[in-house]
Each structure stands twice: as C-alpha cells, then as structure tokens.
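J.: Structure, please.
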Amino acid sequence: MNDVLAKATNLKEVLDHKRPMNLHTLHSLQKDYILRSTYHSNAIEGNTLTLNETKAILEDGITVGGGDL
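T.: Purely as a prediction, here's the structure:
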C-alpha cells in the first residue's frame, strides 16, 4: 500500500510541475479521465467491453450489438 501511495504522490508532483497547462493538454486529460472512469464503472457492473471499445462508443457513437435485453 505504501508503494501505491508513493507512486501517486510522485505522479502528482510531476503533474504539478507542468502547471499551468495549456487548454489542449487539459482537454486531453479530461477526455482520458471520462473514458477511463466510464470503462472501469462499466466493468464493475459486469460489462465486458474493452477500453478501446468503450472509447469507440463514447467518441464515435458506435452502438454495440449482440447483447441480450
């Protein structure tokens, strides 16, 4: 657990040194956060889509077939 905390602290320090961020970088980080949050939330609920499939759905509006309703 201490390793995870140390890694998170280190990553935050790296991020802090890059501030202030330009709008493009900030937008990219926000999109990535939404994608990963959606993917992991759906995985908790039992969804078997991959991260790339989730990205296609969110970014391209692709629908997924083959599921039972």
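J.: Report the mean confidence score over stretch 32-51.
T.: Confidence for stretch 32-51, expressed as mean pLDDT, is 96.
J.: now it: how far from the chain's centre is it?
T.: 8 Å (CA atoms, centre = their mean, to the nearest Å).
J.: for the helix or strand Leu15 falls within, the distance to its chain's centre please.
T.: Using DSSP states H and E, Leu15 falls within helix 2-17. Computed by CA atoms, centre = their mean, the chain-centroid distance of helix 2-17 equals 18 Å.
J.: cool, stretch 51-65 as well?
T.: 14 Å.
J.: Show me the contact partners of it.
T.: The set of residues external to stretch 51-65 that reach it, using CB atoms under 8 Å, 6 or more residues apart in numbering, is Ile34, Leu35, Arg36, Thr38, Tyr39, Asn42, Leu49. No exception for glycine: its C-beta is placed from N, CA and C like everyone else's.
J.: go again using 6 Å as the cut-off
T.: Leu35, Thr38, Tyr39 (CB atoms under 6 Å, 6 or more residues apart in numbering).
J.: quick check: mean pLDDT across the helix holding Leu15?
T.: Here the average pLDDT along helix 2-17 is 95.
J.: just checking, next helix/strand downstream of it?
T.: That would be, after helix 2-17 and using DSSP H and E, helix 23-44.
J.: relative to helix 2-17, how tilted is that next one?
T.: 150 degrees (axes from the mean of the first three to the mean of the last three CA atoms, to 10 degrees).
J.: Report the buried residues of helix 23-44.
T.: Residues Leu35, Thr38, Tyr39 are the ones in helix 23-44 that count as buried (16 or more other CB atoms under 10 Å).
J.: and the next element down the chain from that helix?
T.: Following helix 23-44 toward the C-terminus (DSSP H and E): helix 51-60.
J.: got the angle between that following helix and helix 23-44?
T.: 120 degrees.
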